[in-house]
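**Student:** need coordinates for the below:
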Amino acid sequence: MERRSAATPRSMLFVPGDSERKLDNARGAEADALIVDLEDAVDRSRKADARALAAEFLRDARDRAPAVWVRINPLDDPESRADLDAVLPAAPDGLVLPKVRSADDVARLSTLLDALEPRVGTRAGSTAILPITTETPAGVFALGRYAGASPRLAMMTWGAEDLSAALGAETAVDADGEWLPPYQLVRSLCLLAAADASVPAIDTVHTDFVDETRLLHQALAAKRDGFAGKLAIHPAQVGALNEIFTPSREEIERARTVVAAFAAWPGAGVIRLDGRMLDRPHLVRARRVLALAERLAGTGTDEFRTTGHGERTIRSRAPSED
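**Tutor:** Residues are numbered from 1 along each chain as shown. Alright, predicted model coming up:
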């Protein structure tokens, strides 16, 4: 009993695990991945109910898009083992691990999964891990140690709300909604740590789902800086995230040009293109753009084109449409 592995998501939507209505609504949200939340979104008195609903949702969603992840409770919370016992038999694509203190927590969870997967009939190694790496001060100081932590490490993300509470801060953003210095720092460190561990970085949530302008600002900045996608807390945020993290037609054509230019000079470490000197990192970025474009085109759901609002727009189409 297993689920297909999922590609790096542009959007990952949190859904409270104890709300049958919100779980049903999430199916139509068009997020690349759903995160059924058994942690912060669920009161302790409803944890058992949430686990049962999450397992049922996973069974119903098997072999269908989108990918389904589960945010379990922190490893030092006894609820986490009950979470694992409940959802692993239903084969989630992965687990989101909160309140991480270091890569050792990822290794501990990986060891637990090594033991539990065979017992519940899930293919060994099939459950991926996404740690939220900056919710504790200790986690911030340990960000440089994720490389080689576990083959299950699929992505890394960061969080500001729990960290701000740990710091005793009044807020994580200024009057304009910009991240304050401590959170700018941990955002950058997470991005660097993910690159060091050779996994994609996913940007954190924008908590004001009514403020689309700030969501767009954060997502555009995340894409610019190297994040592969962004977490969402409301279905209304998903469309904008998918839009922004989808390559534009111009980006795809430029990537094809770069790849072709390097192919014309096999073995060259540096080439000249349109008056600029390009080296191997430019080729790596171009191949990444083309790989994402190929994946999206293969789904038959996205068309790439530039727009007037600053980035790109995507028109939904049927798979049979040319």
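
**Student:** every contact and neighbour count from this point should use C-alpha atoms.
**Tutor:** OK.

**Student:** which secondary structure element is home to the most centrally placed residue in the chain?
**Tutor:** Centroid-nearest residue in the chain: Ile202, 4.3 Å away (criterion: Cα atoms, centre = their mean). Ile202 is part of strand 201-203 when elements are defined by DSSP states H and E.

**Student:** for the stretch 151-300 of the chain, which segments count as strands?
**Tutor:** 156-157, 201-203, 229-232, 270-273, 276-279 (DSSP state E, counting those that start in this stretch).

**Student:** the third one pairs with which strands, and in what direction?
**Tutor:** Applying DSSP bridges, strand 229-232 is found paired with strand 11-16 (parallel), strand 201-203 (parallel).

**Student:** with only the CA atoms kept, save it in CSV.
**Tutor:** C-alpha atoms of strand 229-232 as CSV (Å, rounded to 0.1, in the frame of the first residue of the first chain):
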residue,chain,number,x,y,z
GLY,A,229,7.2,27.1,-3.7
LYS,A,230,5.3,28.5,-0.8
LEU,A,231,3.1,27.3,2.0
ALA,A,232,-0.6,28.5,2.1
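
**Student:** partners of the residue nearest to the centre of the chain in the sheet?
**Tutor:** Beta-bridge partners for Ile202, by DSSP bridges, are Thr157, Gly229.

**Student:** who's in contact with it?
**Tutor:** Counting by Cα atoms under 8 Å, 6 or more residues apart in numbering, Ile202 touches 155-158, 227-231.

**Student:** where do the helices sit along the stretch 1-150 of the chain?
**Tutor:** 20-26, 47-61, 79-87, 103-120, 137-141 (DSSP state H, counting those that start in this stretch).

**Student:** okay if I get the ones you listed as TSV plus distance to Gln237, mean pLDDT and mean neighbour count?
**Tutor:** TSV is the format used below for the helices of the stretch 1-150 of the chain (distance: least, Cα to Cα, whole Å; pLDDT from 0 to 100; neighbours: other Cα atoms under 10 Å):
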stretch	distance to Gln237	mean pLDDT	mean neighbour count
helix 20-26	12	92	15
helix 47-61	22	94	20
helix 79-87	27	97	18
helix 103-120	29	97	17
helix 137-141	27	98	18
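
**Student:** quick one: the ones you listed as a markdown table, columns for distance to Ala166 too.
**Tutor:** Below are the helices of the stretch 1-150 of the chain laid out as a markdown table (distance: least, Cα to Cα, whole Å):
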| stretch | distance to Ala166 |
| --- | --- |
| helix 20-26 | 29 |
| helix 47-61 | 24 |
| helix 79-87 | 21 |
| helix 103-120 | 19 |
| helix 137-141 | 7 |
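
**Student:** of those helices, which approaches Arg287 most closely?
**Tutor:** Of all the helices of the stretch 1-150 of the chain, helix 103-120 sits nearest to Arg287, with 29.0 Å by Cα to Cα.
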